[in-house]
Each structure stands twice: as structure tokens, then as C-alpha cells.
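Novice: Whatever this is, show me its structure:
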Amino acid sequence: MKENTIDTEAIYKAIFDVVRSIPKGRVSSYGAIAKAVGLKSGARMVGRAMGHVMGLKPAVPVQRVVNSTGWLSGDDGQRQKKLEAEGITVSAGRIVDFKRIFWDPMKEL
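Specialist: The predicted structure is shown next:
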């Protein structure tokens with residue numbers, strides 16, 4: 001393996017582990033997850049990883065990862081339904097009280 005080659009599988013596993021740690025009723029951001037796994041500007045990589053969770057056990061609660069302003073980017077309505085089932089209020093595609101329910105893995109892991 002080349003020195004500059006990124007071990008995507010290992011990074012995705014780390015991302016999935018952090019996302020699985022987000023408590024029910026809380027949310028985190030792509031950037032916060034990236035920072036927690038050591039990716040300085042890896043929010044997009046976290047987003048890509050969230051697209052590869054189908055069938056993983058234990059399940060990865062992708063609905064709990066939103067953008068840095070609390071917006072449910074790319075939601076077809078399913079993430080909102082799952083969040084609301086966890087007691088999180090969503091209005092016009094954004095998490096209500098985002099700062100209050102934000103889970104920062106750098107502080108809480």
C-alpha cells in the first residue's frame with residue numbers, strides 16, 4: 001500500500017462506530033464526525049460513508065447525522081420521520097433546537 005493511500009474501509013468503520021454512539025434523541029454533524037475520526041476536512045467523506053450503511057449490523061443511525069446548521073440535506077422524508085419518532089422536532093427540513101440537542105463526539109466520547 002502506498003503511503004498516501006487512504007484506507008477507506010478503516011475510516012468508514014471508524015465513522016460508523018462514532019455514528020452508532022450518537023444517543024437517541026440527539027444529532028451530530030458530518031464535520032463533527034469527521035473531526036472525531038481525525039479527518040480535518042472530511043465532512044464529505046462522512047456523507048459518502050452514510051451512503052454505504054445498508055445492511056450493516058449493528059445498524060448505523062444515519063438520520064442522526066445532519067449538516068452543521070441542522071439541515072437534513074438530501075432527505076426524502078424518511079430521515080425526518082425517524083428523527084421525529086425519536087422525539088426530535090423538524091421544521092422546514094431543519095432540526096428545531098439544533099444547538100441544544102447537538103452531540104459533539106469530541107466532548108462526549
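
Novice: Every contact and neighbour count from this point should use C-alpha atoms.
Specialist: Will do.

Novice: how far away is Thr8 from Gln63?
Specialist: 22 Å (CA to CA, to the nearest Å).

Novice: Sorry, wrong one. I was asking about Val96.
Specialist: 15 Å.

Novice: now His52
Specialist: If you go by CA to CA, the gap between His52 and Gln63 works out to 13 Å.

Novice: which of those two has more neighbours?
Specialist: Gln63 (18 against 12; other CA atoms under 10 Å).

Novice: which SS state does the more buried one fall under?
Specialist: helix (DSSP: H, G, I helix; E, B strand; the rest coil).

Novice: Who are the contact partners of it?
Specialist: By CA atoms under 8 Å, 6 or more residues apart in numbering, the contact set of Gln63 is 79-80, 82-83.

Novice: What of Val96?
Specialist: 70, 88-90.

Novice: Take those residues and keep only those in strands.
Specialist: Members of these lying in strands (criterion: DSSP state E): Val90.

Novice: Type out the ChimeraX command that picks the buried ones from the contacts of Val96.
Specialist: In ChimeraX, a selection of the buried entries from the contacts of Val96 looks like this (16 or more other CA atoms under 10 Å):
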select :70,88,89,90
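
Novice: got a markdown table for the contacts of Val96, with pLDDT too?
Specialist: Below are the contacts of Val96 laid out as a markdown table (pLDDT from 0 to 100):
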| residue | pLDDT |
| --- | --- |
| Gly70 | 97 |
| Ile88 | 98 |
| Thr89 | 98 |
| Val90 | 97 |
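
Novice: out of the contacts of Val96, who's nearest Gly38?
Specialist: Gly70 (21.9 Å; CA to CA).

Novice: residues near Pro105, how many?
Specialist: For Pro105, using other CA under 10 Å, the count is 19.

Novice: One more: Asp7?
Specialist: Using other CA under 10 Å: Asp7 sits among 9 other residues.
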